[in-house]
Structures are given as C-alpha cells and as structure tokens.
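Chemist: pasting a predicted model and its sequence here:
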Amino acid sequence: MLEGTHCNDQDAREAACGYHVAAQDLIHQYIAKQHPLEADRLTDFVSTVMAGMSASARHGQGLDRLLSTARLAGAAISQALEP
C-alpha cells in the first residue's frame with residue numbers, strides 16, 4: 001500500500017493514499033485507547049518505521065533483518081511508554 005502512493009496511475013495512487021490515511025487513523029485509534037497522550041508521536045513513529053521497512057523490503061532486505069527492525073521498534077515503543 002505504501003509503495004502504491006507513488007505510482008503513476010492517478011486513480012491507483014489516490015486509492016493507495018486513502019488506504020494509507022485510513023491505516024494511520026486505525027493505528028492512532030488503537031494507541032489512543034491505552035496511551036492517549038502519546039498517540040500522535042507513536043503513530044508518527046510507527047508510520048515512519050513502516051515506510052522505511054517497506055522501502056527496505058522493496059530493495060531486497062531479508063525477512064530476518066526486517067523482523068529485527070520490527071523488534072527494535074517494538075522495544076523503542078515500550079521504552080517510550082515507560083513512566
């Protein structure tokens with residue numbers, strides 16, 4: 001979906017952008033249920049990590065490295081939520 005936001009077909013690009021915004025909204029809602037004061041910054045972080053991982057996968061990064069990145073991002077989120 002993230003890669004579709006850059007395609008040359010305008011209709012496909014608009015559809016992908018709509019799905020991307022909807023996904024960000026769902027992520028924000030999920031985080032806001034438990035951590036309303038942190039929802040904006042964590043949503044931005046998750047979206048940025050997802051975009052970077054998408055680009056890395058497109059350029060051939062393997063599953064083990066992508067999972068390692070996801071685990072590191074999860075640890076960063078946990079640390080950000082510590083009191």
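Modeler: The structure has been received and is ready for your questions. Residues are numbered from 1 along each chain as shown.
Chemist: looking at the protein, which helix or strand is least sure?
Modeler: Ranked by mean pLDDT, DSSP states H and E, the helix or strand of the chain with the weakest confidence is helix 10-34, at a mean of 92.
Chemist: buried ones in it?
Modeler: Neighbour counts using 16 or more other C-beta atoms under 10 Å place 16, 20, 27-28, 31 of helix 10-34 among the buried residues. The way it works is simple: take the backbone N, C-alpha and C, and place the C-beta from them, glycine included.
Chemist: tell me the contacts of the residue nearest to residue 77 when sequence neighbours are not counted?
Modeler: For residue 77, ignoring the flanking residues on the chain, the nearest one in space by C-beta to C-beta, 6 or more residues apart in numbering is residue 42 at 6.3 Å. For residue 42, the contacting residues are 31, 35, 77, 80-81, by C-beta atoms under 8 Å, 6 or more residues apart in numbering.
Chemist: now residue 73
Modeler: Per C-beta under 8 Å, 6+ apart, neighbours of residue 73: 45-46, 49.
Chemist: so for the host helix or strand of it, mean pLDDT?
Modeler: Using DSSP states H and E, residue 73 sits in helix 63-80. On average, the pLDDT along helix 63-80 is 96.
Chemist: show me what counts as buried in that helix.
Modeler: For helix 63-80, by 16+ other C-beta under 10 Å, it's 73, 77.
Chemist: that one: how far from the chain's middle?
Modeler: 12 Å (C-alpha atoms, centre = their mean, to the nearest Å).
Chemist: over to stretch 46-63?
Modeler: Per C-alpha atoms, centre = their mean, the centroid offset for stretch 46-63 relative to its chain is 9 Å.
Chemist: show me which residues of it are buried.
Modeler: For stretch 46-63, a neighbour-count test (16+ other C-beta under 10 Å) marks 46-47, 49-50, 53 as buried.
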